[in-house]
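J.: Structure here, sequence nowhere to be found:
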């Protein structure tokens, strides 16, 4: 019998595998999430507070003050959700063990 932690770990691994093609070749512009993921928005050149980082499901995600290359947590984005990054932002997903990787950008 699998423990709850093991089931969650297996589901997370399966979800990360769904992003393989986006990790190899990140999307440009709006794209649909192939699986659930914890998402971060990274400012390429830095931005002031209140800058729109991305939009999805009618939500507009705005940033705090970010330096060039600095990222902020957007939250969990569910499978089949279309996300549109704003110009100057990369979309990163958590791939485990404290690592994030780019899957999209504007």
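T.: Noted; the coordinates are in hand. All values reported here derive from a predicted model rather than from experimental measurement.
J.: give me the beta-bridge partners of the residue positioned nearest the centre of the chain?
T.: A centroid search over the chain (C-alpha atoms, centre = their mean) returns residue 39, at 2.8 Å, as the residue closest to the centre. Using DSSP bridges, the bridge partners assigned to residue 39 are residue 75, residue 93.
J.: give the contact list for it.
T.: Counting by C-beta atoms under 8 Å, 6 or more residues apart in numbering, residue 39 touches 73-77, 83, 91-94. No exception for glycine: its C-beta is placed from N, CA and C like everyone else's.
J.: Need the pLDDT of it.
T.: Residue-level confidence at residue 39 comes out at 94, pLDDT.
J.: next one: phi and psi at the closest residue to residue 50 other than its chain neighbours?
T.: Using C-beta to C-beta, 6 or more residues apart in numbering and skipping the chain neighbours, the partner closest in space to residue 50 is residue 62 (5.3 Å). For residue 62, the backbone dihedrals are phi -110, psi 150 (criterion: degrees, to the nearest 10).
J.: Return the residues in contact with residue 62.
T.: 49-53.
J.: hang on, residue 101 packs against residue 90?
T.: No: here residue 101 does not reach residue 90: they are 10.0 Å apart, not a contact under C-beta atoms under 8 Å.
J.: Which of the two has more residues huddled nearby?
T.: Taking other C-beta atoms under 10 Å, residue 101 and residue 90 do not tie; residue 90 has more neighbours (21 against 14).
J.: wait, doesn't that one sit right on residue 42?
T.: Yes: contact criterion C-beta under 8 Å: residue 90 and residue 42 qualify, at 4.4 Å.
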